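Visitor: give me the fold of what follows.
(chains A and B)
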There are 2 protein chains.
Amino acid sequence: MAKPPDQSEYLIAPDPQAPRLTRAVRGVDHDGLETTIRVVEERPLTIYLNSQEIVTAMTIGDYPEYLALGFLRNQRMLRDDDQIERVDYDEELETVVVRTKRKTDYEDKMRRKTRTSGCAVGTVFGDMMEGLEGVKLPQTQVRTSWLYALSSKINRTPSLYLDAGAIHGTVLCQGDRPLVYMEDVGRHNAVDKIAGWMLSEGISADDKILYTTGRLTSEMVIKTAMMGIPVLASRSGFTAWGVEIAEQTGLTLIGRMKGRRFICLSGEDRLIRDADPSLIAEEPKRAGRKGAA
Amino acid sequence: MAKPPDQSEYLIAPDPQAPRLTRAVRGVDHDGLETTIRVVEERPLTIYLNSQEIVTAMTIGDYPEYLALGFLRNQRMLRDDDQIERVDYDEELETVVVRTKRKTDYEDKMRRKTRTSGCAVGTVFGDMMEGLEGVKLPQTQVRTSWLYALSSKINRTPSLYLDAGAIHGTVLCQGDRPLVYMEDVGRHNAVDKIAGWMLSEGISADDKILYTTGRLTSEMVIKTAMMGIPVLASRSGFTAWGVEIAEQTGLTLIGRMKGRRFICLSGEDRLIRDADPSLIAEEPKRAGRKGAA
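Guide: Numbering: from 1, shown residues only, chains lettered A, B, ... in the order given. Got it, this is the predicted structure:
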């Protein structure tokens, strides 16, 4: 494997050595030999907005504050003009409480959600389509040389995925630079953690690219558009509804990005083809995702 | 690629030609050439139990009746002794209504769920842990020759996955025979469709093996145990909580199953090692899952 890229490019990179994120588990392999492998953790985290319990997410457990902020933001329970007074994480209770200056009450909103859905995707969807009409994504340009550079750097970055598998990654990028690389057992959590970081740091979405290892489903496309990010790229495939929403919101949607290959199904006008695909190396077999389906 | 296995083994096999399940979408590839690819559909389906709206699932859209029955069963909203009077699917309204002889009211249960969760995994989890103490899985035996045969047959079975990618598969098996192969954009839906089929047909879980392309998360392990199936195998990886629940319920959990390799992290006592792994072919690269992460 080629040497890892320069880690100093990242503002936040994965921490595969963090003891709280993986566990060694003993088992038996195909030859009947005892073997110990590292597997990722999966924990409940209950998110409160002021005094109201909103949701329990299953998460790997890092960056709980960003996850809470990003989830609430992407659910439109935090508004642009909200002043966030405190975010308190309690590791033992597995809770995080976001406190705003504004009094909030989403009892009605939550009751409606229960009636119309109950599984994650449905729940998120019902709420989030509302805000999409207002979304206007900037007409930035995206160099294909950036996409190739990002894909190569991200694949070689030390990560929980490379160590333990069974996890998704989402990376906020700017030009050819990966800025914030979040991993989680749920790909929606990885995106929400990035949204929470952007909200905390006051980061503009206009010149950003979001890269994900997961599929380009309606949920992923909606979250990206709601965050105001004009470009979403993935090494995985598409769903028809994901493509439709990308077209409606004018988002550039790139999938099946491996080695020199990719397919753009929406917003192709943002692409500047400054890289010669025939000069891009095919992906080594080893770079194929390991058990993260 | 080797020729597909005998399709007559299946009671239900994927139907990659079904026009309603995929859509041709035009885009542009890495060389700037126009290209048309098939992508899977993703639709809302709202499930009612008698007069009560329970959930909206995002699904590929086949077998809506099985999905509704299996979802309600795995949520413990349908009881063992419930008499199901009708299941009505309305394609235009995207609804399915399950009617039981017993009067049902899950307003309380649903309100509680809303408070404790809101995203799919959390919601399912909160409810489903309750029933797990009562689960007693049978001490059946599992031949490793069956596991190898199943893995090989399933990988070569024509499927939406092989045609369009971005989809998960779950297969109910008996011995070395794959019986029912369900696919869906959400892996939880694929499992629920199998649960619905088993409920409809009155199929015993005792001698069954469940094979999935997806990760062995807590949600997958809980559903399998709740269905009474003693063995869950996957080509993907594990989460720590998934392993814990498998150990608690005595479920045989096998992951990272590719070619001759696999790892068993729970319930290894059920395995009968009647196959010589060194005689099992490694998986051809082509069999790697395409964009379904």
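
Visitor: what's near enough to touch residue A:31?
Guide: Residue A:31 makes contact with residue B:277 under the criterion CB atoms under 8 Å, 6 or more residues apart in numbering or on different chains. All C-beta spots, glycine's among them, are computed from the backbone N, C-alpha and C.

Visitor: no no, residue A:211
Guide: Contacts for residue A:211 (CB under 8 Å, 6+ apart) come out as A:150-151, A:154, A:170-171, A:173, A:178, A:233-234.

Visitor: the domain parsing of chain A - what is it?
Guide: A:43-132, A:142-287 (automatic domain parsing).

Visitor: could I get the contacts of residue A:211 as a markdown table with distance to residue A:68, pLDDT and neighbour count?
Guide: What follows is the contacts of residue A:211, written out as a markdown table (distance: CB to CB, whole Å; pLDDT from 0 to 100; neighbours: other CB atoms under 10 Å in any protein chain shown):
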| residue | distance to residue A:68 | pLDDT | neighbour count |
| --- | --- | --- | --- |
| A:150 | 28 | 97 | 21 |
| A:151 | 30 | 96 | 25 |
| A:154 | 25 | 95 | 22 |
| A:170 | 17 | 97 | 29 |
| A:171 | 21 | 98 | 27 |
| A:173 | 24 | 98 | 25 |
| A:178 | 24 | 98 | 24 |
| A:233 | 26 | 98 | 25 |
| A:234 | 25 | 97 | 27 |
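
Visitor: looking at the residues you listed, which is nearest residue A:75?
Guide: residue A:170 (17.4 Å; CB to CB).

Visitor: element containing residue A:193, please.
Guide: helix A:187-201 (DSSP states H and E).

Visitor: now do whichever helix or strand comes after that helix: distance to the chain's middle.
Guide: The first helix or strand that comes after helix A:187-201 along the chain, using DSSP H and E, is strand A:208-212. Centroid separation for strand A:208-212 versus its chain: 9 Å, with CA atoms, centre = their mean, to the nearest Å.

Visitor: which residues sit against the next helix-or-strand element following strand A:208-212?
Guide: Downstream of strand A:208-212, the next assigned helix or strand under DSSP H and E is helix A:218-226. By CB under 8 Å, 6+ apart, the surrounding residues in contact with helix A:218-226 are A:74, A:76, A:120-121, A:124-125, A:128-129, A:131-132, A:135, A:137, A:187-188, A:191-192, A:195, A:210, A:212, A:214, A:232, A:234, A:239, A:241-242, A:245-246, A:249, A:251, A:253, B:42, B:58.

Visitor: flag the shaky bits of the stretch 101-250 of chain A, pLDDT-wise.
Guide: For the stretch 101-250 of chain A, the stretches flagged by pLDDT under 70 are A:108-128.

Visitor: how far does stretch A:51-58 sit from the chain's center?
Guide: Centroid separation for stretch A:51-58 versus its chain: 19 Å, with CA atoms, centre = their mean.

Visitor: can you give me the helices for chain A?
Guide: For chain A, helices defined by DSSP state H occupy the ranges A:64-74, A:107-116, A:120-132, A:144-156, A:160-164, A:187-201, A:218-226, A:240-249.

Visitor: hmm, residue A:234 is touching residue A:217, no?
Guide: No. With contact defined as CB atoms under 8 Å, residue A:234 does not count as touching residue A:217 (10.0 Å).

Visitor: hmm, the helix holding residue A:193 touching chain B?
Guide: Yes. If you take CB under 8 Å from any CB of the partner chain as the test, helix A:187-201 does meet chain B, through residue A:188.

Visitor: what is the orientation angle of that helix with helix A:64-74?
Guide: Angle of helix A:187-201 versus helix A:64-74, following axes from the mean of the first three to the mean of the last three CA atoms, to 10 degrees, is 90 degrees.

Visitor: and among the domains of chain A, the most buried is which?
Guide: Ranked by average neighbour count under the criterion mean count of other CB atoms under 10 Å in any protein chain shown, the domains of chain A are headed by domain A:142-287 at a mean of 22.
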